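Engineer: This is the structure alone, sequence omitted:
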């Protein structure tokens with residue numbers, strides 16, 4: 001009997017059907033062991049020996065694999081075809097070896113699509129485990145452990161509120177923080193553009209002023225209204241004729257099929273998906289046999305797939321959309337993941353797959369892959385220059401028309417923050433023509449700072465810099481959000497104060513290890529290990545010999561010394577020079593104290609040296625131009641707008657009121673008065689006779705009646721909710737509370753019956769979010785999953801995985817560990833709790 005080990009249960013069932021009798025296919029459910037979260041899991045003094053520990057929740061899977069291994073003559077390791085898959089196979093092999101249950105014959109099989117033809121063909125070509133890839137995994141895992149396990153305890157002790165650091169995580173955070181600094185230091189510049197509208201044969205077009213009185217004008221050349229009005233008058237007074245017409249043909253070639261990185265970018269741009277959600281959907285599509293493996297740097301498709309794509313194009317369109325020769329693409333990424341194929345559909349005859357978000361992502365993958373083999377688009381760009389009779393002004397108009405759409409018929413690649421450079425269709429013009437001028441405009445504009453990163457543009461930047469692996473980007477970005485180092489607003493990353501402080505700390509004390517080039521260099525060294533060009537232990541030795549002593553030096557410093565060093569390091573940001581030449585650190589409240597960075601229980605803030613006599617404080621994050629506007633702002637009626645370590649707040653006669661996030665912009669005296677007057681009494685409840693009040697608390701706006709609460713959606717509702725609406729909302733909140741405790745809740749979705757148990761599976765709303773249930777086992781849905789779009793297969797996999805873990809044991813309290821005194825609790829934190837990047 002041959003024992004085949006794959007990663008997911010859904011995949012196991014499908015592959016066992018393909019292979020037939022004589023094969024037993026079991027799932028490992030991902031990784032089966034890892035480095036335990038304790039000191040000594042990696043021992044640098046003993047050749048970086050690693051102590052592995054089986055995951056407790058994988059005991060059932062490992063037992064099943066071990067039991068089957070007793071009767072197997074061959075072990076076929078068929079986990080995913082990437083570095084992590086190779087590592088999982090190695091772990092399974094080592095677990096069986098340790099138990100002395102390893103079959104005599106061990107084979108490694110990889111396939112990049114779960115179709116019968118692909119799987120059965122792959123089984124004919126087994127190989128041994130790739131030791132170089134396993135060494136690279138060990139080096140990467142040890143490196144991440146050593147960085148996280150060393151840096152995180154330093155952060156906890158030196159920076160209150162800091163949570164973790166990681167080799168890739170911290171560099172990604174620095175990219176976001178650096179962009180925020182650019183934005184804060186950016187000085188906007190006024191500029192004007194002067195345009196004229198013309199018309200020929202009923203077709204209008206617009207021309208822009210590009211030269212005046214013999215001087216070429218760039219975008220910022222006209223910097224004030226007076227100059228713009230003078231230029232506008234020259235155009236208004238002039239009679240313009242066509243001086244030149246230039247027409248150039250253009251060809252646009254299709255982009256290659258998706259890699260992991262480009263899929264994440266395009267799904268973010270076009271579908272609004274987070275990277276983690278995209279990868280979760282792609283994993284499901286892969287396991288359902290709809291697409292090829294989704295963790296890849298390769299951009300080439302297999303020969304048979306290219307042929308299938310060309311046939312599909314010919315069937316769907318006509319011969320003109322099929323290029324003369326197949327298109328072949330080359331990856332720009334160094335050491336692309338073992339020459340894997342690009343992400344593509346397994347069948348080009350199937351243009352729809354899945355439902356909900358799965359269907360959207362499948363369509364994106366299908367269209368991109370098919371378009372990659374279509375004919376180029378042919379366009380024509382026309383540039384016309386017009387001059388006035390006096391020779392004072394030159395105007396330029398550009399237009400672009402599509403002669404043959406080619407691949408653009410099906411797919412056009414998205415871009416981040418790109419402005420439209422070309423106009424529409426130009427009318428036919430010849431030298432000497434005098435089109436009719438219908439209007440002249442002078443438009444004021446201001447230069448804009450660089451845009452904040454979206455998930456798509458951040459993934460692109462990480463890949464450009466060579467930092468991390470595309471397959472880990474989703475987890476890295478999720479870690480930054482989970483640690484609350486950043487927040488997403490309108491799909492753009494904003495660094496939180498804690499994220500800025502951690503970045504400043506690492507830049508000041510560990511600059512080399514958050515340096516872009518150094519981090520990219522480590523990736524190249526890891527690639528050298530995977531290519532067999534560098535020993536994994538040698539690579540770790542080179543890293544550890546410098547990192548360990550530096551970490552020791554920083555750990556020895558007192559928190560006050562760290563704060564003083566950061567105060568000096570951040571001075572240009574926190575205390576920029578003032579335009580009036582006054583001292584940038586002079587306290588604006590008392591006029592004699594010196595402002596400086598201080599550390600507190602909840603993080604860093606700026607305070608006056610005359611504390612406690614002077615109680616001026618300012619948020620740490622208020623640097624750059626914000627820092628130049630110190631002190632409270634008078635709103636009127638004795639109300640002052642101030643900034644504290646927890647954010648902006650209002651104060652009058654000693655009474656304070658925090659400013660909710662949804663009313664921070666456009667603060668008026670009326671709004672301030674209303675906030676300071678809270679709580680607001682709405683009236684007596686018609687049934688109980690007790691007061692109903694509305695206010696804003698730690699968790700947002702709410703209603704209160706008889707000790708019971710009802711949430712409001714927005715702060716404005718605190719001031720607008722009337723008696724009838726309040727009574728209804730309180731009743732709804734009470735009813736919802738009762739439903740959460742059980743009772744007759746309506747399912748969010750009915751998915752069908754479990755293929756094995758026959759039980760009805762439904763999606764329900766629970767206290768901690770939506771979950772899938774078969775009536776016996778409840779499996780919480782991933783946070784980013786759309787409850788309405790969950791498929792039966794997804795729900796079955798979640799329920800089976802939850803059932804495999806067994807019921808939660810509520811055994812008696814474990815006795816205290818030896819050596820721990822009674823009454824002493826275990827440490828609350830462990831450095832290994834830091835999430836790896």
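Structural biologist: Arrived safely, thanks for sending. Everything quoted here is computed from the prediction, not taken from an experiment. Residues are numbered from 1 along each chain as shown.

Engineer: and residue 76, what does it touch?
Structural biologist: Residue 76 sits next to 2-5, 107-109, 123, 126 when contact means C-beta atoms under 8 Å, 6 or more residues apart in numbering. To be clear about C-beta, it is placed using only N, CA and C from the backbone, and glycine gets the same treatment.

Engineer: Just the ones of those residues in strands?
Structural biologist: Counted as lying in strands by DSSP state E, out of the contacts of residue 76, are 2-5, 107-108.

Engineer: what lines up beside the helix or strand where residue 771 lies in the sheet?
Structural biologist: Per DSSP states H and E: residue 771 is located in strand 769-773. Sheet pairing for strand 769-773, assigned by DSSP bridges, gives strand 760-766 (antiparallel), strand 778-780 (antiparallel).

Engineer: looking at those strands, which one has the lowest mean pLDDT?
Structural biologist: When the strands paired with strand 769-773 are ranked by mean pLDDT, strand 760-766 comes last with a mean of 83.

Engineer: for this structure, what helix or strand is lowest in average pLDDT?
Structural biologist: Between all helices and strands in the chain, the lowest mean by mean pLDDT, DSSP states H and E belongs to strand 633-636, at a mean of 68.

Engineer: Show residues contacting stretch 281-296.
Structural biologist: Under C-beta under 8 Å, 6+ apart, the answer for stretch 281-296 is 8, 10-11, 14, 80-82, 84, 112-115, 259-260, 263, 273, 279, 336-337, 340-346, 350, 353-354, 357-358, 361-362, 365, 470-471, 791, 793-794.

Engineer: which among those end up buried?
Structural biologist: 8, 10-11, 14, 80-82, 84, 112-115, 259-260, 263, 273, 279, 336-337, 340-346, 353-354, 357-358, 361-362, 365, 470-471, 791, 793-794 (16 or more other C-beta atoms under 10 Å).

Engineer: Tell me where the stretch 601-750 of the chain has helices.
Structural biologist: Shown for the stretch 601-750 of the chain, the helices assigned by DSSP state H, counting those that start in this stretch span residues 669-676, 716-720, 723-740.

Engineer: And the next helix or strand past the lengthiest helix in the chain?
Structural biologist: As assigned by DSSP state H, the longest helix anywhere in the chain is helix 131-158. From helix 131-158 onward toward the C-terminus, using DSSP H and E, the following helix or strand is helix 169-185.

Engineer: for that following helix, packing partners?
Structural biologist: helix 455-465, helix 470-482, strand 492-495, helix 497-509, helix 516-530 (3 or more C-beta pairs under 8 Å, 6 or more residues apart in numbering; DSSP states H and E).

Engineer: Phi first, then psi, for the nearest residue to residue 662 once chain neighbours are set aside.
Structural biologist: Leaving out its chain neighbours, the residue that sits closest to residue 662 by C-beta to C-beta, 6 or more residues apart in numbering is residue 715, at 5.3 Å. When read as degrees, to the nearest 10, the backbone of residue 715 gives phi -60, psi -30.

Engineer: quick one, what contacts residue 715?
Structural biologist: 660, 662-663, 696, 700-701.

Engineer: Recalculate using a threshold of 10 Å.
Structural biologist: Contacts for residue 715 (C-beta atoms under 10 Å, 6 or more residues apart in numbering) come out as 659-663, 671, 674-675, 678, 694, 696, 700-701.

Engineer: How about residue 306?
Structural biologist: Residue 306 touches 300, 326-328, 344, 348, 369, 372-373, counting by C-beta under 10 Å, 6+ apart.

Engineer: Distance check, it against residue 82.
Structural biologist: 23 Å (C-beta to C-beta, to the nearest Å).

Engineer: Report the distance from the strand holding residue 771 to the chain centre.
Structural biologist: Offset of strand 769-773 from its chain centre (C-alpha atoms, centre = their mean, to the nearest Å): 25 Å.

Engineer: From the rest of the structure, what touches that strand?
Structural biologist: 747-749, 751, 759-766, 777-783, 785-788, 790, 792, 794-799, 802.

Engineer: again, 7 Å this time
Structural biologist: 748, 761-764, 778-781, 787, 790, 795, 798-799 (C-beta atoms under 7 Å, 6 or more residues apart in numbering).

Engineer: Can you tell me which of those is nearest residue 509?
Structural biologist: Closest approach to residue 509 among the contacts of strand 769-773 (C-beta to C-beta): residue 780, at 39.3 Å.

Engineer: Just give the number of residues close to the closest one.
Structural biologist: Applying other C-beta atoms under 10 Å, we find 14 residues neighbouring residue 780.

Engineer: May I have the beta-bridge partners of it?
Structural biologist: With DSSP bridges as the criterion, residue 780 is bridged to residue 771.

Engineer: In contact with it, which residues?
Structural biologist: Residues in contact with residue 780 (C-beta under 7 Å, 6+ apart) are 768-769, 771.

Engineer: circling back: do you know which of the helices and strands packed on helix 169-185 lies nearest residue 616?
Structural biologist: Per C-beta to C-beta, nearest to residue 616 of these: helix 497-509, 17.9 Å.

Engineer: on that earlier part again, dump the helices and strands packed on helix 169-185 into CSV; add distance to residue 65 and mean pLDDT as well.
Structural biologist: Formatted as CSV, the helices and strands packed on helix 169-185 follow (distance: least, C-beta to C-beta, whole Å; pLDDT from 0 to 100):
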stretch, distance to residue 65, mean pLDDT
helix 455-465, 35, 92
helix 470-482, 25, 89
strand 492-495, 41, 92
helix 497-509, 41, 90
helix 516-530, 27, 92
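
Engineer: nearest to residue 246, of those?
Structural biologist: Closest among those, once you apply C-beta to C-beta, is helix 455-465, at 33.4 Å.

Engineer: elements contacting that closest one?
Structural biologist: helix 169-185, helix 260-271, helix 470-482 (3 or more C-beta pairs under 7 Å, 6 or more residues apart in numbering; DSSP states H and E).

Engineer: can you do 8 Å?
Structural biologist: Secondary-structure packing of helix 455-465 (3+ C-beta pairs under 8 Å, 6+ apart): helix 169-185, helix 260-271, helix 470-482, helix 516-530.

Engineer: Distance to residue 438 and pLDDT for the contacts of residue 76 - can I get that in JSON lines?
Structural biologist: Converted to JSON lines, those look like this (distance: C-beta to C-beta, whole Å; pLDDT from 0 to 100):
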{"residue": "2", "distance to residue 438": "80", "pLDDT": "94"}
{"residue": "3", "distance to residue 438": "80", "pLDDT": "96"}
{"residue": "4", "distance to residue 438": "74", "pLDDT": "96"}
{"residue": "5", "distance to residue 438": "74", "pLDDT": "96"}
{"residue": "107", "distance to residue 438": "77", "pLDDT": "96"}
{"residue": "108", "distance to residue 438": "72", "pLDDT": "96"}
{"residue": "109", "distance to residue 438": "71", "pLDDT": "96"}
{"residue": "123", "distance to residue 438": "73", "pLDDT": "95"}
{"residue": "126", "distance to residue 438": "75", "pLDDT": "95"}
